[in-house]
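**Student:** All I have is the shape, not the residue letters:
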Ligand SMILES: CC(C)(COP(=O)(O)OP(=O)(O)OC[C@H]1O[C@@H](n2cnc3c(N)ncnc32)[C@H](O)[C@@H]1OP(=O)(O)O)[C@@H](O)C(=O)NCCC(=O)NCCSC(=O)Cc1ccccc1
């Protein structure tokens, strides 16, 4: 497969489908209250109402909640760029907590910095009241469906 640019890979129908699926299905996004808002080629915007999240003893939202949200959007942003049925498997994610997060509305966005046929490097940032509170960067492996992998190995 030839190396394609992000704009050439972008599938708007897949992006729409991701918005519908991710915002309706139960699971971690529902648990965290995170909603995907909008995709563009290699970009994703989201928000999460952290009002109901259990705070740490210091009264702030647990860092793991913010990490899970950034993990979710760094994976999700890749889907409109990869072949239908492939899996975006996060293999590494590093994160800086920059400021304490109080209960309220968190805004987070993800950007694909680079993508090949096998992996993507993605950056994500989280904001509270316009202030940067966390930044992450990760590697997403692009994994073919098992049936394709199994046929190639046979
Ligand atoms: C698969 C790979 C990434 C790379 O493996 P490779 O270099 O290709 O090596 P190899 O071929 O040796 O396979 C190794 C093992 O993988 C298995 N396998 C292979 N292909 C498939 C397949 N198609 N489906 C299922 N399994 C498959 C294979 O059977 C073998 O299993 P075994 O060891 O025999 O039992 C592996 O390192 C891995 O799974 N890492 C963990 C990633 C992870 O769980 N990340 C966190 C969740 S992602 C997330 O949350 C992001 C997100 C957010 C929002 C929305 C959506 C997404």
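**Tutor:** Nice, thanks for sending it over. Small disclaimer: the values here were computed from a predicted structure and weren't measured. Residues are numbered from 1 along each chain as shown.

**Student:** quick one, what contacts the spatially most central residue of the chain?
**Tutor:** Centroid check for the chain by Cα atoms, centre = their mean gives residue 73 as the closest residue, at 1.4 Å. Contacts for residue 73 (Cβ atoms under 8 Å, 6 or more residues apart in numbering) come out as 34, 36, 44, 46, 108-110, 124. Where C-beta positions appear, they are placed from N, C-alpha and C, glycine not excepted.

**Student:** same thing with residue 99?
**Tutor:** Neighbour list for residue 99: 128, 131-134 [criterion: Cβ under 8 Å, 6+ apart].

**Student:** redo that, cut-off 6 Å
**Tutor:** residue 133 (Cβ atoms under 6 Å, 6 or more residues apart in numbering).

**Student:** Is it correct that it falls within a helix?
**Tutor:** No: with DSSP: H, G, I helix; E, B strand; the rest coil as the criterion, residue 99 is located in coil rather than a helix.

**Student:** Dihedrals phi and psi, it?
**Tutor:** phi -150, psi 150 (degrees, to the nearest 10).

**Student:** Please read off the pLDDT at it from the model.
**Tutor:** With respect to pLDDT, residue 99 scores 97.

**Student:** got it, and residue 10?
**Tutor:** 98.

**Student:** what's the burial count for it?
**Tutor:** Here the number of neighbours of residue 10 (other Cβ atoms under 10 Å) works out to 18.

**Student:** Skipping adjacent residues, who's closest to it in space?
**Tutor:** residue 41 (3.8 Å; Cβ to Cβ, 6 or more residues apart in numbering).

**Student:** can you pull the contacts of the one you found?
**Tutor:** Per Cβ under 6 Å, 6+ apart, neighbours of residue 41: 6-7, 10.
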